[in-house]
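Peer 1: The following comprises the amino acid sequence and a computationally predicted model.
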Amino acid sequence: MARSVKQLNVVLEQRTSVEQKMQRAVAALESQRLEIERRMSGVGDSLRAIRLELRDALTPTGDAGGATGSTVAEFGDIRLQAGATLHAQIHLQTLAIELAGAHQRLNRAREELRAASAARKAVKLLIDRRKAEAQRVADRRETVDLDEMSISRHGRADEDAVEASQ
């Protein structure tokens, strides 16, 4: 193998290593994104449950009004549920901001992965071209050698024919 191809193989190994590192980084960021989405889903479910409890507490036919037989809801319970709703909304907003950051990091990492992949493919293409060129040179050299052997053999056959006719 030509020296330049061996050197390019070293570069290809390095570029492959960088690409694999980028793939791992993208996978880690994707995992983080999924975890944030899972947490958002849980907080969203909690928020819906708290709102349902608050609605039931505020309606006369709800659990709070119907269970005590009174149409007046406990003000302290309503205040606690309203606070829990507000806390869940803030947590949800915080997670949404966190998710937006995760999406930005993920998009940036994907772009870096594309660039690393393109760099690796460029080196691979260069190696393939160099190998193909080396093969063409070897084929031409072999063709020239075969032509010389054929001409030499044909020349000897002509010489033998001339000697035989004399």
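Peer 2: Thanks, I have the structure now. The structure displayed is predicted, hence computed values, not measured ones.

Peer 1: now the helices: where do they sit in the chain?
Peer 2: For the chain, the helices identified by DSSP state H occupy 3-58, 63-68, 75-165, in order along the chain.

Peer 1: Can you lay out these as a markdown table showing mean pLDDT?
Peer 2: Listed next are the helices of the chain as a markdown table, based on pLDDT from 0 to 100:
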| stretch | mean pLDDT |
| --- | --- |
| helix 3-58 | 92 |
| helix 63-68 | 48 |
| helix 75-165 | 89 |
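
Peer 1: want to throw those into TSV with mean neighbour count?
Peer 2: Using the backbone N, CA and C atoms, a C-beta is placed for each residue, glycine as well. What follows is those, written out as TSV (neighbours: other C-beta atoms under 10 Å):
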stretch	mean neighbour count
helix 3-58	15
helix 63-68	14
helix 75-165	13
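
Peer 1: wait, doesn't residue 44 sit right on residue 92?
Peer 2: Yes: at 6.4 Å, residue 44 counts as touching residue 92 under the criterion of C-beta atoms under 8 Å.

Peer 1: Common neighbours of these two, please.
Peer 2: Contact criterion C-beta atoms under 8 Å, 6 or more residues apart in numbering; residues shared by residue 44 and residue 92: none found.

Peer 1: Next, the contact list for the nearest residue to residue 37 once chain neighbours are set aside, please.
Peer 2: The spatially closest residue to residue 37, leaving aside those adjacent along the chain, is residue 99, at 6.7 Å (C-beta to C-beta, 6 or more residues apart in numbering). Taking C-beta under 8 Å, 6+ apart as the criterion, residue 99 is in contact with 33, 36-37, 40.

Peer 1: before we move on, what about residue 111?
Peer 2: Counted by C-beta under 8 Å, 6+ apart, residue 111 has zero contacts.

Peer 1: Try it again at 10 Å.
Peer 2: Each residue near residue 111 by C-beta atoms under 10 Å, 6 or more residues apart in numbering is listed here: residue 22.
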